[in-house]
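Visitor: Let me see the structure of the following:
(4 chains)
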Amino acid sequence: MTLDVLYFAWVRERIGVPREKVETSAATVMDLVEELRAREERYAVAFGDLKALRVAIDQELTEFDASLNGAREVAFFPPMTGG
Amino acid sequence: MTLDVLYFAWVRERIGVPREKVETSAATVMDLVEELRAREERYAVAFGDLKALRVAIDQELTEFDASLNGAREVAFFPPMTGG
Amino acid sequence: MRIVVQAEPFDFGAEANRFAAGHTDMGAIVTFTGIVRDLAQNPLDRMVIEYYPGMTEKALEKIATEAQERWFLGDVLVIHRHGDLRPGDMIMMVATAAPHRVDAFEAAEYLMDFLKSRAPFWKQEFTADGAEWVASKDEDEDALKRW
Amino acid sequence: MRIVVQAEPFDFGAEANRFAAGHTDMGAIVTFTGIVRDLAQNPLDRMVIEYYPGMTEKALEKIATEAQERWFLGDVLVIHRHGDLRPGDMIMMVATAAPHRVDAFEAAEYLMDFLKSRAPFWKQEFTADGAEWVASKDEDEDALKRW
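Guide: Below is the predicted model:
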């Protein structure tokens, strides 16, 4: 499948792009993270500490063990700091 | 001593005046209430249920057993309903 | 601290903007506004608020000072009307400014809880059934216990 | 319910007045406003707020809908800015209208608690030391536990 993968805040800065298309057969978010980590150093750095990251599938907050079945858009970002 | 005695809300309506001078030797608020009750029916009615009344001496909330020593202004009114 | 007791209407938005302006060290502003309600089951013609000139202002200042001692606040505003009001009219407002939101919220709630039953104001409602003094509520007295 | 995410400044007072108008069955209006703080120990040049177009609006709507399910509210307003802000600028506001003050206060606090750490916004501060992403606070995460 082809996913739109989005990055925000310092995750975006570390990876260097705000979004990209990713061709993957990852079953879960965690599988996708592993694939990206293996690609290049900048991904390994951005995904170094998953406790400092949040993930959303199709604009809904979820967990790293969530299934990507049917997913179109996955976003990675640090904890939110609104308000 | 001469006290300014003030009445508010339905206490004022029952007594019929918003304020009056009262010549008294009452030692406490309760003594003053007893004097007023003995005066006329309208006072007896207004002071019928002290649990429904509040009292202030010189613009500070106080209790019915408070001393009138040094007092200049005593006010009687129902529980407040501001806000 | 600014405490105002007045018969005239006030402009909530203008007061809120004036209060919020120039507090660059205060990150949080909370306002509370009370509005005269018009209930369908017994339409209100008007409300009259009586107060105790002198004592009312002192009581509000005392409540606001206590809030400032209890929380880290940059500023406090209390405006309360007396006299004739109509449904939809604003009765009063409080505003608090604080570095952090929890202080601004708690202080505003504290001000409201004490203002409700410790500041000398008495409301009288006029409906088709006649005039009636608003009774104090046990829940308002109970609200003071949490502080 | 009105949810707005915009780069432009908003007029807090005008929004507050507009929100409060025409609610004759709602006795209580609470507003919260967040302002960019400028701290003496490390003067802030500017703040940039990043957001997630689409998800941010949905997250705010979800939070506001949950508040409306939980309390008896007449109306809810959320305005949040993104982009460039300066010290003293208003970042965001929420407003709640309810028949009773406790509902208006609790709902506004609930909105703020969830908006702080469940709505996709990220703040970056620019000072003489450079740019820094604002870290989330444990206390903001803890604040959710009370609801």
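Visitor: Point out the residues in chain C that sit beside chain D.
Guide: Taking C-beta under 8 Å from any C-beta of the partner chain as the measure of proximity, chain C contacts chain D at C:11-17, C:20, C:22-40, C:87-88, C:90, C:99, C:101-102, C:104-105, C:108-109, C:112, C:143. The way it works is simple: take the backbone N, C-alpha and C, and place the C-beta from them, glycine included.
Visitor: any idea where the strands of chain C begin and end?
Guide: Counting by DSSP state E, chain C has strands at residues C:2-6, C:28-35, C:44-51, C:75-81, C:83-85, C:90-98, C:121-127, C:130-133.
Visitor: thinking again about what came up before, buried ones among the residues of chain C next to chain D?
Guide: Buried members of those, scored by 16 or more other C-beta atoms under 10 Å in any protein chain shown, are C:12-13, C:15-17, C:20, C:23-24, C:26-38, C:87-88, C:90, C:99, C:101, C:104-105, C:108-109, C:112, C:143.
Visitor: Filter the residues you listed to keep only those in contact with chain A.
Guide: Checked against chain A using C-beta under 8 Å from any C-beta, those give the following subset in range: C:Arg101.
Visitor: so who does C:Ile79 touch?
Guide: Going by C-beta atoms under 8 Å, 6 or more residues apart in numbering or on different chains, C:Ile79 touches C:Val4, C:Gln6, C:Phe10, C:Glu15, C:Met92, C:Met93, C:Val94.
Visitor: Between those residues, which sits nearest chain A?
Guide: Comparing these against chain A with C-beta to the nearest C-beta picks out C:Val94 as the nearest, at 21.2 Å.
Visitor: Please identify the nearest residue in space to that closest one, excluding sequence neighbours.
Guide: Residue nearest to C:Val94 in three dimensions, not counting chain neighbours: C:Leu111, with 4.6 Å by C-beta to C-beta, 6 or more residues apart in numbering or on different chains.
Visitor: sorry, back to before: check the contacts of C:Ile79 and tell me the two furthest apart.
Guide: Taking C-beta to C-beta as the measure, these span a maximum distance of 14.7 Å, between C:Gln6 and C:Val94.
Visitor: Of those two, which one has the most company?
Guide: Legend: neighbour count by other C-beta atoms under 10 Å in any protein chain shown for C:Gln6 and C:Val94, higher for C:Val94 (27 against 11).
Visitor: which residues does that one form a beta bridge with?
Guide: C:Val94 has these beta-bridge partners by DSSP bridges: C:Phe32, C:Val78.
Visitor: That one contacts C:Phe114, doesn't it?
Guide: No: because the distance of 10.3 Å does not satisfy C-beta atoms under 8 Å, C:Val94 is recorded as not touching C:Phe114.
Visitor: contacts for the longest helix seen in chain A?
Guide: Ranked by residue count and defined by DSSP state H, the top helix of chain A is helix A:29-39. In this structure, residues lying in contact with helix A:29-39 by C-beta under 8 Å, 6+ apart are A:3, A:5, A:22, A:24, A:26, A:43-44, A:47, A:50, A:55, A:57, A:62-66, A:68, A:74.
Visitor: So what does A:Ser25 have for phi and psi?
Guide: The phi/psi pair for A:Ser25 (degrees, to the nearest 10) reads phi -120, psi 20.
Visitor: Show only the entries of the contacts of helix A:29-39 found in helices.
Guide: Of the positions in these, A:Tyr43, A:Ala44 sit in helices, assigned by DSSP H.
Visitor: Quick check on the contacts of helix A:29-39: which are buried?
Guide: A:3, A:5, A:22, A:24, A:26, A:43, A:47, A:55, A:57, A:62, A:64, A:66, A:68, A:74.
Visitor: Present those residues as JSON lines; the columns should include distance to D:Phe72.
Guide: Putting the buried ones among the contacts of helix A:29-39 into JSON lines (distance: C-beta to C-beta, whole Å) gives the following:
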{"residue": "A:Leu3", "distance to D:Phe72": "42"}
{"residue": "A:Val5", "distance to D:Phe72": "42"}
{"residue": "A:Val22", "distance to D:Phe72": "46"}
{"residue": "A:Thr24", "distance to D:Phe72": "47"}
{"residue": "A:Ala26", "distance to D:Phe72": "45"}
{"residue": "A:Tyr43", "distance to D:Phe72": "48"}
{"residue": "A:Phe47", "distance to D:Phe72": "44"}
{"residue": "A:Val55", "distance to D:Phe72": "35"}
{"residue": "A:Ile57", "distance to D:Phe72": "34"}
{"residue": "A:Thr62", "distance to D:Phe72": "31"}
{"residue": "A:Phe64", "distance to D:Phe72": "38"}
{"residue": "A:Ala66", "distance to D:Phe72": "35"}
{"residue": "A:Leu68", "distance to D:Phe72": "40"}
{"residue": "A:Val74", "distance to D:Phe72": "38"}
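Visitor: Which residue is the nearest non-sequential neighbour of A:Ala75?
Guide: Distance criterion C-beta to C-beta, 6+ apart; nearest residue to A:Ala75, sequence neighbours excluded, is A:Leu6 at 4.0 Å.
Visitor: pretty sure that neighbour contacts A:Val74?
Guide: Yes: with contacts defined as C-beta under 8 Å, A:Leu6 counts as touching A:Val74 at a distance of 7.2 Å.
Visitor: Contact residues of chain A facing chain C?
Guide: Taking C-beta under 8 Å from any C-beta, the part of chain A that reaches chain C is made up of A:Gly83.
Visitor: Could you give the residue of chain A that lies closest to chain C?
Guide: A:Gly83 (7.4 Å).
Visitor: Closest residue of chain A to chain B?
Guide: Counting by C-beta to the nearest C-beta, chain A gets nearest chain B through A:Gly83, at 27.2 Å.
Visitor: before we move on, back to that, closest to chain D among the contacts of C:Ile79?
Guide: Within those, distances to chain D taken as C-beta to the nearest C-beta reach their minimum at C:Glu15, with 7.7 Å.
Visitor: what sits against residue 22?
Guide: Reading this off chain A. By C-beta under 8 Å, 6+ apart, the contact set of A:Val22 is A:Thr2, A:Leu3, A:Asp4, A:Val5, A:Leu32, A:Glu35, A:Leu36.
Visitor: could you do chain C instead?
Guide: Applying C-beta under 8 Å, 6+ apart, the residues contacting C:Gly22 are D:Gly88.
Visitor: So it versus chain A, what's the distance?
Guide: With the distance defined as C-beta to the nearest C-beta, to the nearest Å, C:Gly22 ends up 21 Å from chain A.
Visitor: Same question for C:Ala67.
Guide: As for C:Ala67, its distance to chain A is 22 Å (criterion: C-beta to the nearest C-beta).
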